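Enquirer: coords please:
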Amino acid sequence: MELDLQKIKNVHFIGIGGIGISAVARMMLHEGKIVTGQDMQDGEVVQELKKVGAEITLGQSYENIPKDVDLIVYTIAIDNYDPELAQKIKERTDIPVKSYPQMLDVISRDKYTIAVSGTHGKTTTTAMIAQILRDTKNDPTVIVGSLLIGEKSNFIAGKSKPASPYGSQGGYLVVEACEYRRSFLNINPKILVITNIEEDHLDYYKDIEDIKNAFYELVMKVPEDGFVVCNMGDENIPDVIKDAKAKIINSEDYFDKDLRLMIPGIHNKKDAASASAVAEIIGIGKGDSDKALAGFPGTWRRFEYKGDLLSGAKVYDDYAHHPTEISATLEGFRELYPVDQDYKIIVVFQPHLFSRTKLLLDDFSKSFTLADSIMILPIYYAREEDDGTISSKILSDRINKYQNNQNSKAFDSFKEAERELRAMTLTNKDIIVTMGAGEAFKVGDKILESQTK
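Expert: Numbering: from 1, shown residues only. Okay, here's the model as predicted:
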């Protein structure tokens, strides 16, 4: 069913607490529509949406959908965790029913779309490009997979038209493009950024070749007058861009090791290189883009400082949930808190998905080498079921075997991990980092509640 957003008044979101779909909910609220939604659990994203006018029901059922709704938008994860509900809504013929990726298709059609894809660094790069465009008065619409620090929002409504000669009627759209279930193929990019390509989402993709094929399809969507910004040093990139119609821009040409950023880590400088390349394409000078990047504060759950305990120990939270991200994040922490100054890093990690943990077990075991202590929480199952072949203890044991020590320990619950942290003799040289795409941050929040300065 063709969708005319101008005629839509009431929108209902299933899985409204998801970091991507919630941005579309914000967009609908901004446009004056009535927004209702449902989600299995409460959280900061849900609470922030309620503050700006969304009516949200906790719990999930077909009966939660209002009778006067004009449009249903659903998370693609529903096919896995509630197939019966998914079937019911897809059988509706009286109103449009769209997945979150399909909504990105609708939104991106009339805009000059800058899509940021890749296994790692999507969120930071998207937010960096948004910062550059906003600081240079280009006023983009932004959909990002995190909350922007300061605004507590993953959506920014843009107003102005592009100054670029490549512009279109609807203005700039900067959007994070997720590869899960090939959902990014719904986006219509004029500029496509590929930060990197590695094995991930192996509960859906067969192997790295299958992943590369999805990126290849996305590259082929970029028109002749468009651009693909990518790291030509990435071994998986050449096969992906070999038939591209668009102009290829090597992000390595924009890497500046001396660029001053508020957030540490070489991976963030690589993300900044991609953002700088995009800025040049649309006519923003290096001086202006560097200035904007120097003021970039990061995003929610990316190297996020949460507070100090009574002991002086610092608590951070980070979304890293893939081995490469974990290694890069810990390198960033070691820049700020080096070993030769006696700092100790305690990581509280929650693995995300049974499939990812099992298939990348060896890589995970090698990714914590810069941490002094690793506390492994129960696996965040999300859309999967436990088949008994992988566990937090298996991961912890593998970490200890690889590092040839006993620095890692698995916990059966968050409460056990909290008790262990409270029992530790901590000092101002201890850095606690809760890490993962699930709910590890709750451990840090709990100990801060009880021990804040």
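
Enquirer: in the chain, which strand has the most residues?
Expert: Secondary structure assigned by DSSP state E gives strand 141-148 as the longest strand of the chain.

Enquirer: just checking: what are the partner strands of the next helix or strand after that strand?
Expert: Following strand 141-148 in sequence order, the next helix or strand is strand 153-156 (DSSP states H and E). Strand 153-156 pairs in its sheet with strand 141-148 (antiparallel), by DSSP bridges.

Enquirer: skip the chain neighbours and tell me the closest residue to Ile194.
Expert: Nearest non-adjacent residue to Ile194, counting by Cβ to Cβ, 6 or more residues apart in numbering: Cys230, 4.2 Å away. The C-beta positions use only the backbone N, C-alpha and C, and glycine is treated the same way.

Enquirer: okay, that neighbour: pLDDT?
Expert: pLDDT recorded at Cys230 is 98.

Enquirer: ok, it - contacts?
Expert: Residues near Cys230 by Cβ atoms under 8 Å, 6 or more residues apart in numbering: Val193, Ile194, Ile237, Val240, Ile241, Ile248, Ile249, Asn250, Ser251.

Enquirer: state whether the first one is indeed within a strand.
Expert: Yes: the assignment for Val193 by DSSP: H, G, I helix; E, B strand; the rest coil puts it in a strand.

Enquirer: list the contacts of it.
Expert: With Cβ under 8 Å, 6+ apart, Val193 has these contacts: 114-118, 125, 129, 228-230, 251, 274, 277-278.

Enquirer: which of these sits closest to Gly298?
Expert: Thr125 (12.2 Å; Cβ to Cβ).

Enquirer: what helix or strand is the closest one on?
Expert: Counting by DSSP H and E, Thr125 is part of helix 122-135.

Enquirer: residues making contact with the longest strand of the chain?
Expert: Taking Cβ under 8 Å, 6+ apart as the rule, strand 141-148 contacts 19-20, 23-24, 27, 44-45, 48, 104, 107, 111, 122-123, 126-127, 130, 153-158, 171-176, 178, 299-302, 319.

Enquirer: what packs against the one helix or strand Leu49 maps to?
Expert: Leu49 belongs to helix 44-51 when elements are defined using DSSP H and E. Applying 3 or more Cβ pairs under 8 Å, 6 or more residues apart in numbering; DSSP states H and E, one finds that helix 44-51 contacts helix 21-30, strand 34-39, strand 55-58, strand 141-148.

Enquirer: just the CA coordinates of the third one, formatted as CSV?
Expert: What it means is strand 55-58. Extracted C-alpha coordinates of strand 55-58, given in CSV (Å, rounded to 0.1, in the frame of the first residue of the first chain):
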residue,chain,number,x,y,z
GLU,A,55,1.4,7.4,24.7
ILE,A,56,3.2,4.0,25.3
THR,A,57,1.9,0.8,26.8
LEU,A,58,4.3,-1.7,28.4
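
Enquirer: next one: that strand to chain centre, how far?
Expert: 23 Å (Cα atoms, centre = their mean, to the nearest Å).

Enquirer: before we move on, what about the longest one?
Expert: For helix 21-30, the distance from its own C-alpha centre to the chain's C-alpha centre is 17 Å (Cα atoms, centre = their mean).

Enquirer: any idea what the residue nearest to Ile194 is bridged to?
Expert: Ile194, Asn250.

Enquirer: picking up where we left off before, can you name the residues in contact with the helix holding Leu49?
Expert: With Cβ under 8 Å, 6+ apart, helix 44-51 has contacts from 16-19, 22, 25-26, 29, 35, 37, 39, 56, 58, 147, 152-154, 300.

Enquirer: let me see the confidence value for Asp234.
Expert: Value listed for Asp234 in the pLDDT field: 95.

Enquirer: show me the strands in the stretch 201-350 of the chain, by range?
Expert: 227-230, 247-250, 304-308, 314-318, 344-349 (DSSP state E, counting those that start in this stretch).

Enquirer: can you put the ones you listed in CSV and add distance to Gly388?
Expert: Output for the strands of the stretch 201-350 of the chain, formatted as CSV (distance: least, Cβ to Cβ, whole Å):
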stretch, distance to Gly388
strand 227-230, 40
strand 247-250, 46
strand 304-308, 34
strand 314-318, 29
strand 344-349, 21
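
Enquirer: which of those sits most buried?
Expert: Of the strands of the stretch 201-350 of the chain, the one with the most neighbours on average (mean count of other Cβ atoms under 10 Å) is strand 227-230, at a mean of 26.

Enquirer: just the buried members of the contacts of helix 44-51?
Expert: 16-19, 22, 25-26, 29, 35, 37, 39, 56, 147, 153-154, 300 (16 or more other Cβ atoms under 10 Å).

Enquirer: kindly provide the distance from the nearest residue to Ile156 once chain neighbours are set aside to Ala130.
Expert: Among residues not flanking Ile156 along the chain, Val142 sits closest, at 4.0 Å (Cβ to Cβ, 6+ apart). Relative to Ala130, Val142 is positioned 4 Å away (Cβ to Cβ, to the nearest Å).

Enquirer: likewise Met27?
Expert: Counting by Cβ to Cβ - Met27 and Ala130 are separated by 14 Å.

Enquirer: hmm, who's touching stretch 178-185?
Expert: Outside stretch 178-185, the residues touching it (Cβ under 8 Å, 6+ apart) are 20, 76, 99-101, 104, 115, 117, 119, 122, 145, 177, 200-201, 204, 211, 214-215, 217-218, 221.

Enquirer: low pLDDT regions in this structure?
Expert: Scanning the chain for pLDDT under 70 picks out 1, 150, 160-170, 383, 452-453.

Enquirer: overlap in contacts of Val142 and Ala130?
Expert: With Cβ under 8 Å, 6+ apart as the test, Val142 and Ala130 both reach Leu148, Ile156, Val174.

Enquirer: for these, which one is nearest Lys358?
Expert: Leu148 (33.7 Å).

Enquirer: kindly state the beta-bridge partners for the closest one.
Expert: Here Leu148, judged by DSSP bridges, has bridge partners Ser153, Thr299.

Enquirer: how near is it to Arg302?
Expert: 11 Å.

Enquirer: before we move on, what about Tyr172?
Expert: For Tyr172, the distance to Arg302 - Cβ to Cβ - is 23 Å.

Enquirer: who's more crowded, the two?
Expert: A count of neighbours by other Cβ atoms under 10 Å puts Tyr172 above the other of Tyr172 and Arg302, at 27 against 23.

Enquirer: tell me how far the closest residue to the more buried one other than its chain neighbours lies from Thr195.
Expert: Nearest non-adjacent residue to Tyr172, counting by Cβ to Cβ, 6+ apart: Pro140, 3.8 Å away. Note on Pro140: its distance to Thr195, by Cβ to Cβ, is 19 Å.
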